[in-house]
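Peer 1: fold the stuff below for me.
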Amino acid sequence: MNRIVLHCDLNSFYASVELLSRPELRDVPVAVCGDPEERHGIILAKNEPAKKFGVKTAETIWQAKRKCPGLVLLPPHHGLYSEYSKKVNAIYYEYTDLVEPFGIDESWLDVTGSLHLFGGDAKALADGIRERVKRELGLTISVGVSFNKVFAKLGSDYKKPDATTVIPPDGWQDIVWPLPVGDLLFVGRAAGEVLGRYGVGTIGQLAACRQEMLETLMGKMGAQLYRYANGLDDSPVRSAHDREPVKSVGNSTTFRRDLTKWDELRTGVALLSDSVAMRLRKHGLYCGGVAVGLRDANFKNVSRQKLLPHSTHLMKEIEDAALELLESAWKAPTPVRLLSVTAIHLTDKQETYEQLDLLGAPAETQEKQEAVEDAMAKIRAKYGKNAIAYAKPGETLGVVKDRD
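Peer 2: Numbering: from 1, shown residues only. Sure thing, here's the model as predicted:
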């Protein structure tokens, strides 16, 4: 029996949420963007009228304004988007318990076991969900209906906005194979360029490749894309109780100005390490390694990572490892535009405790540092995350942005 999977994609999500309170702007070109003064001046979302002018997500504001001089720019309200995302997913959960969010504005639904409760017609169910989201929340979604997750997502992208597309188990090749290879899940710009050099421009051409050749070109990703293109995706829709464990916890910041001094970078690392440590504690996790990334003024990226002698969620230990990595990755006075710190190789608390006394710092030092950071966590829980921090030389360089 074939599975029945829906992929529901909120149309122009950020912009659509903003326009709920600004209905007078519905028919004019609108974009949600970061603050140019903070150097986050890119387009985060745009509405349908803006799309008609060629405005694209992730392009700079000045590029968008050049295409559409009358473009209305609105600031983002991420808390509001999160609230509406939860409301939409709450509706999905009324149709199945197998709901897997894919970012803030997309979700897969496996309705194989529940479709009979709603009439047995997958397209009619998808249309009903679309109408309900529109009626109750004022937002539109596009829905793909298929027998696996990859083709369901292709379906939701196939026709927008506010549409349902079915890619059936019989004859799916007629719909899927003529599409550009870049439409396939996880075929980004770099992968598309690699495939293009070998004459692979459509999903059908990718499907016709030998799997061994794709593995040689792209490693494990090549084998995965071969399966996707040939309709062999069997990955499950994971419920909230069956999600893959968190693999990393990281934060990054784009600075208001390029940094060229070690003290400035050290302060940035301290802020990021503190934020990462707080999030590890929140999730009850410890990291067994640390990674650092930086981007220079020419948008060149450099990254380094290392294993730790023991798992930790202590800010000081994460900071020390990050600074060591930064020393090897950065050469003064190369300007640094963006800096990131990521906790990797995550473990649970029980596994960590078995290693601390054997391989870590002296137990007494560990316990003192643990007590200090526990106290800081309690103060922040009561008075806010900015209520207390480690003292560091230099100025405050920027606002730390979470990267989940």
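Peer 1: other residues contacting stretch 226-246?
Peer 2: Stretch 226-246 is contacted by residues 5, 97-100, 108-110, 147-151, 172-173, 176-177, 184-186, 203-204, 206-207, 209, 211, 214, 283, 285, 346 when judged by CB atoms under 8 Å, 6 or more residues apart in numbering. C-beta here means a position set from N, CA and C on the backbone, and glycine is covered the same way.
Peer 1: buried subset of these?
Peer 2: Those of those that meet the buried threshold are 5, 98-100, 108-110, 147-151, 172, 176-177, 184-185, 203-204, 206-207, 209, 214, 285, 346, by 16 or more other CB atoms under 10 Å.
Peer 1: now the strands for the stretch 1-150 of the chain?
Peer 2: 5-10, 30-33, 43-46, 72-74, 99-101, 106-110, 141-146 (DSSP state E, counting those that start in this stretch).
Peer 1: output those as TSV; include the columns distance to residue 300 and mean pLDDT.
Peer 2: Conversion of those to TSV gives the following (distance: least, CB to CB, whole Å; pLDDT from 0 to 100):
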stretch	distance to residue 300	mean pLDDT
strand 5-10	33	98
strand 30-33	24	93
strand 43-46	23	91
strand 72-74	29	94
strand 99-101	33	94
strand 106-110	31	97
strand 141-146	37	98
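Peer 1: ok so, going back, take the buried ones among the contacts of stretch 226-246 and keep only those in helices.
Peer 2: 149-151, 172, 176, 203-204, 206-207, 214 (DSSP state H).
Peer 1: now flag whichever of the residues you listed is closest to residue 84.
Peer 2: residue 149 (23.2 Å; CB to CB).
Peer 1: that closest one reaches residue 4, doesn't it?
Peer 2: No: counting by CB atoms under 8 Å, residue 149 does not reach residue 4; the two are 11.5 Å apart.
Peer 1: number of residues surrounding residue 86?
Peer 2: By other CB atoms under 10 Å, the residues close to residue 86 number 11.
Peer 1: report the separation between it and residue 79.
Peer 2: Going from residue 86 to residue 79 by CB to CB, to the nearest Å gives 11 Å.
Peer 1: how about residues contacting stretch 30-47?
Peer 2: 12-16, 18-19, 22, 26, 29, 49-50, 55-62, 64, 71-76, 254-256, 337, 398-399.
Peer 1: outline the domain layout of the chain.
Peer 2: Here the domain parsing of the chain from automatic domain parsing is 1-176, 177-229, 248-403.
Peer 1: centre of the chain to the first one, how far?
Peer 2: Right, the one you point to is domain 1-176. Distance of domain 1-176 from the chain centroid (CA atoms, centre = their mean, to the nearest Å) equals 15 Å.
Peer 1: columns distance to residue 272 on top of the strands of the stretch 1-150 of the chain, output as TSV?
Peer 2: Formatted as TSV, the strands of the stretch 1-150 of the chain follow (distance: least, CB to CB, whole Å):
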stretch	distance to residue 272
strand 5-10	30
strand 30-33	24
strand 43-46	22
strand 72-74	28
strand 99-101	26
strand 106-110	28
strand 141-146	35
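Peer 1: so which of these gets nearest residue 323?
Peer 2: Of all the strands of the stretch 1-150 of the chain, the one in closest proximity to residue 323, counting by CB to CB, is strand 43-46 (32.0 Å).
Peer 1: show me the contacts for the closest residue to residue 194 other than its chain neighbours.
Peer 2: Using CB to CB, 6 or more residues apart in numbering and skipping residues adjacent in sequence, the residue nearest residue 194 is residue 217, 6.1 Å away. Listed by CB under 8 Å, 6+ apart, the contact set of residue 217 reads 194-195, 198.
Peer 1: helix/strand/coil for residue 217?
Peer 2: helix (DSSP: H, G, I helix; E, B strand; the rest coil).
Peer 1: so it versus residue 200, what's the distance?
Peer 2: Distance of residue 217 to residue 200, computed by CB to CB: 10 Å.
Peer 1: cool, and residue 92?
Peer 2: Computed as CB to CB, the residue 92 to residue 200 distance reads 35 Å.
Peer 1: quickly find the element holding residue 302.
Peer 2: strand 301-312 (DSSP states H and E).
Peer 1: on that earlier part again, which of the contacts of residue 217 sits closest to residue 262?
Peer 2: residue 194 (37.5 Å).
Peer 1: minimum distance to residue 311: which of the strands of the stretch 1-150 of the chain has it?
Peer 2: Residue 311 lies closest, by CB to CB, to one member of those: strand 99-101, at 28.1 Å.
Peer 1: any low-confidence regions in this protein?
Peer 2: Residues of the chain meeting the criterion pLDDT under 70: 36-40, 243-244, 349-404.
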